[in-house]
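J.: Mind folding the following:
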Amino acid sequence: MNTQLLDALADIIREKGISKEVVIEAIEAAIISAYKRNFGQAQNVRVDLNMETGTIRVLARKDVVEEVNDPRLEISLEEAQRINPNYQVGDVVEIEVTPKDFGRIAAQTAKQVVTQRVREAERSVIYAEFLDREEDIMTGIVQRVDPRFVYVSLGKTEALLPASEQMPNETYKPHDRIKVYITKVEKTTKGPQIFVSRTHPGLLKRLFELEVPEIYDGTVEIKSIAREAGDRSKISVHSDNPEVDPVGACVGPKGQRVQAIVEELHGEKIDIVRWSADPVEFVANALSPAKVLRVIVNEAQKATTVIVPDYQLSLAIGKRGQNARLAAKLTNWKIDIKSETEAREMGIDPYAQSTLLDSEEMPVDNENDSDQSFDLQEEIE
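T.: Residues are numbered from 1 along each chain as shown. Presented below is the predicted three-dimensional model:
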């Protein structure tokens, strides 16, 4: 084996972090296989690979016996003692059987083995690196698009963006630069497989962490997120520091911070609301931009009745119920919206103080309830 291959092997071992012993063991096993395949030999052999000089010797291992039945595996005591008088029956004799010009075959075999080991090592490194980045955000470049996936280059490897995780208002073209959220990293026989998303609420959370220093350093906390990707999202924020306005921090000067996120999500509307431990205040905030007159809370049923001015009813419900649906996801409360007129017809004072009920005293209007009641769907954090 030539010195150039040895030098390259040493460089690879150092750069890729592969164990020298593992590589040498693999090369020796591959050379044995190559010897048997190319020279039609079935005897028991061992390869001696000298990493200092680059020399390779093939040694046949034969058992010392009184009577030889298989000369490929056995050697007579008399012949063994010609090599070394100290050999006895039961010993193993090693005889060099290195074929002429075997170095070329050995070098080619070693090259193949090293290439394979390097590939395996790189796959392991990539898997470990991206496993640590699950639920994190990365910037990638679109490579190609097919009906099932958008293939996104993340530098060392390629990630899969499934059709179900693609934004409905986006068109992906090769060389587009996009931010993606890593949802899952799987180890396969062909290497690590990385799945990413553009619709996951986690993407919105990470984008806010990138744009808002107060979120990144923990001064402002994201409490919950409700998202209908590509259309509209709601995010609730809180700060234990009374001098910090969590909503203002997220909006930024002249709306620059939130606008940067809206642009990244290609126009997705984002409502930022103040979180509160008080369900009355939190539900009222969550229905923003609608004005709320009164909130009646039934803690036993995890439900609320919200009363809004007549002219605010459609705004509170939102297009196709979206505003109320997102508010229910955000707060983890069922929300039943009533107009001021409907509330009066039910005998409810719209301007009375908001109420917390311990028992099942929630006002019910069966005639209108089905159109304006919004159940919590899966809460997303």
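J.: So which residues of the chain form helices?
T.: For the chain, the helices defined by DSSP state H occupy 3-16, 20-39, 77-83, 102-131, 201-211, 213-216, 246-251, 256-264, 279-286, 313-317, 322-331, 340-345, 366-372.
J.: For the third one, output the C-alpha coordinates as PDB.
T.: It refers to helix 77-83. Output in PDB follows, covering the C-alpha atoms of helix 77-83 (Å, rounded to 0.1, in the frame of the first residue of the first chain):
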ATOM      1  CA  LEU A  77       4.700 -31.700  12.500                       C
ATOM      2  CA  GLU A  78       7.700 -32.500  10.400                       C
ATOM      3  CA  GLU A  79       7.300 -29.600   8.000                       C
ATOM      4  CA  ALA A  80       6.400 -27.200  10.800                       C
ATOM      5  CA  GLN A  81       9.600 -28.100  12.700                       C
ATOM      6  CA  ARG A  82      11.600 -27.300   9.600                       C
ATOM      7  CA  ILE A  83      10.400 -23.800  10.000                       C
END
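J.: Go through it and flag the buried ones.
T.: Using 16 or more other CB atoms under 10 Å as the test for burial, helix 77-83 gives 77, 80. For glycine as for every other residue, the C-beta is placed from the backbone atoms N, C-alpha and C.
J.: Give me the helices and strands touching it, please.
T.: Contacts defined by 3 or more CB pairs under 8 Å, 6 or more residues apart in numbering; DSSP states H and E place helix 77-83 against strand 56-65, strand 92-96.
J.: closest one to residue 212 among these?
T.: Across the helices and strands packed on helix 77-83, residue 212 has its closest neighbour in strand 56-65 (61.7 Å, CB to CB).
J.: That closest one: which residues count as buried?
T.: 56, 58, 59, 60, 62, 63, 64, 65.
J.: Please apply the same query to stretch 307-316.
T.: 307, 308, 309, 312, 313, 315, 316.
J.: contacting residues around it?
T.: With contact meaning CB atoms under 8 Å, 6 or more residues apart in numbering, stretch 307-316 is reached by 287, 289-296, 306, 323-324, 337-341, 343, 348, 350, 372.
J.: so residue 178 makes contact with residue 138?
T.: No: judged on CB atoms under 8 Å, residue 178 makes no contact with residue 138 at a distance of 9.7 Å.
J.: what's near enough to touch the nearest residue to residue 46 once chain neighbours are set aside?
T.: Nearest non-adjacent residue to residue 46, counting by CB to CB, 6 or more residues apart in numbering: residue 59, 4.8 Å away. By CB under 8 Å, 6+ apart, the contact set of residue 59 is 45, 46, 47, 48, 94, 95, 96, 97.
J.: Out of the residues you listed, which end up buried?
T.: By neighbour count, with 16+ other CB under 10 Å, the contacts of residue 59 hold 45, 47 as buried.
J.: Considering the contacts of residue 59, which is situated nearest to residue 227?
T.: Nearest member of these to residue 227, counting by CB to CB, is residue 47, at 60.0 Å.
J.: if I look at the closest one, how far off is residue 61?
T.: Residue 47 sits 11 Å away from residue 61, taking CB to CB, to the nearest Å as the criterion.
J.: Run a quick neighbour tally on the residue nearest to residue 167 when sequence neighbours are not counted.
T.: Counting by CB to CB, 6+ apart, residue 167 lies nearest to residue 230, which is 4.3 Å off, once chain neighbours are set aside. By other CB atoms under 10 Å, the residues close to residue 230 number 18.
J.: Same check on residue 279?
T.: 20.
J.: and the nearest residue to it once chain neighbours are set aside, how far is that from residue 226?
T.: Excluding the flanking residues, the one nearest residue 279 by CB to CB, 6+ apart is residue 297, at 5.0 Å. Relative to residue 226, residue 297 is positioned 19 Å away (CB to CB).
J.: who has more neighbours, these two?
T.: Comparing residue 297 with residue 226 by other CB under 10 Å, the one with more neighbours is residue 226, at 26 against 23.
J.: right, and the more buried one touches residue 232 too?
T.: No: using CB under 8 Å, residue 226 is not in contact with residue 232, being 9.0 Å away.
J.: Overlap in contacts, those two.
T.: Joint contacts of residue 226 and residue 232 (CB under 8 Å, 6+ apart) are residue 326.
J.: for this structure, longest strand please?
T.: For the chain, the strand with the greatest residue count under DSSP state E is strand 177-188.
J.: JSON lines for the buried residues of strand 56-65, including pLDDT?
T.: Below are the buried residues of strand 56-65 laid out as JSON lines (pLDDT from 0 to 100):
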{"residue": "56", "pLDDT": "76"}
{"residue": "58", "pLDDT": "80"}
{"residue": "59", "pLDDT": "83"}
{"residue": "60", "pLDDT": "82"}
{"residue": "62", "pLDDT": "87"}
{"residue": "63", "pLDDT": "88"}
{"residue": "64", "pLDDT": "87"}
{"residue": "65", "pLDDT": "88"}
